[in-house]
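> structure of the sequence below:
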Amino acid sequence: MNTELDQVFAALSDPTRRAILERLTVGDATVNELVAPFGLSQPAISKHLKVLEAAGLVSRGRIAQSRPVHLNATPLAGAAQWIDDYRRFWEESLDQLEVYVGELRRNEQGAANE
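Residues are numbered from 1 along each chain as shown. Below is the predicted model:
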């Protein structure tokens, strides 16, 4: 299995980390700005950010004394592709099932008419 993909899914498995990513879609934010809406401590948010950083989903910059957190959505493309591949698989499987059920119904109707 792809380690990068594993890290992305592991990072996305936590609702707080997903909410942090959602917040960062609006723009960069400092750790203190990320702490406010979650009611978590700064160390707790920092731990979440480390997981997101390890997955490549965020990076931290430096502007004077500030270290803004920046969203990097590129790794999400791999996760989206993986999900899309399975979506296609299930759609094809369901289409085949629909054809099979249709054949069964036609056979049942044919047997009932005989």
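> going forward, measure contacts and count neighbours with C-alpha atoms only.
OK.
> against Val35, how distant is the residue positioned nearest the centre of the chain?
In the chain, the centroid-proximal residue (C-alpha atoms, centre = their mean) is Leu12; its distance is 5.3 Å. Leu12 is 18 Å from Val35, where distance means C-alpha to C-alpha, to the nearest Å.
> pull out the buried positions in stretch 71-90.
Of all the residues in stretch 71-90, those buried under the rule 16 or more other C-alpha atoms under 10 Å are 71-72, 75-76, 79.
> hey, where'd the helices end up in the chain?
3-12, 15-24, 31-38, 42-54, 74-113 (DSSP state H).
> which secondary structure elements does the third one sit against?
Which is helix 31-38. Secondary-structure packing of helix 31-38 (3 or more C-alpha pairs under 8 Å, 6 or more residues apart in numbering; DSSP states H and E): helix 42-54.
> got the angle between the helix it packs on and helix 3-12?
150 degrees (axes from the mean of the first three to the mean of the last three C-alpha atoms, to 10 degrees).
> kindly export helix 42-54 (C-alpha atoms) in PDB.
Output in PDB follows, covering the C-alpha atoms of helix 42-54 (Å, rounded to 0.1, in the frame of the first residue of the first chain):
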ATOM      1  CA  GLN A  42      -2.400  25.000  21.700                       C
ATOM      2  CA  PRO A  43      -0.400  21.800  22.200                       C
ATOM      3  CA  ALA A  44      -3.400  19.700  21.200                       C
ATOM      4  CA  ILE A  45      -3.800  21.700  17.900                       C
ATOM      5  CA  SER A  46       0.000  21.400  17.400                       C
ATOM      6  CA  LYS A  47      -0.300  17.600  17.600                       C
ATOM      7  CA  HIS A  48      -3.000  17.600  15.000                       C
ATOM      8  CA  LEU A  49      -0.900  19.900  12.800                       C
ATOM      9  CA  LYS A  50       2.100  17.600  13.000                       C
ATOM     10  CA  VAL A  51      -0.100  14.700  11.700                       C
ATOM     11  CA  LEU A  52      -1.400  16.900   8.900                       C
ATOM     12  CA  GLU A  53       2.200  18.000   8.100                       C
ATOM     13  CA  ALA A  54       3.500  14.400   8.100                       C
END
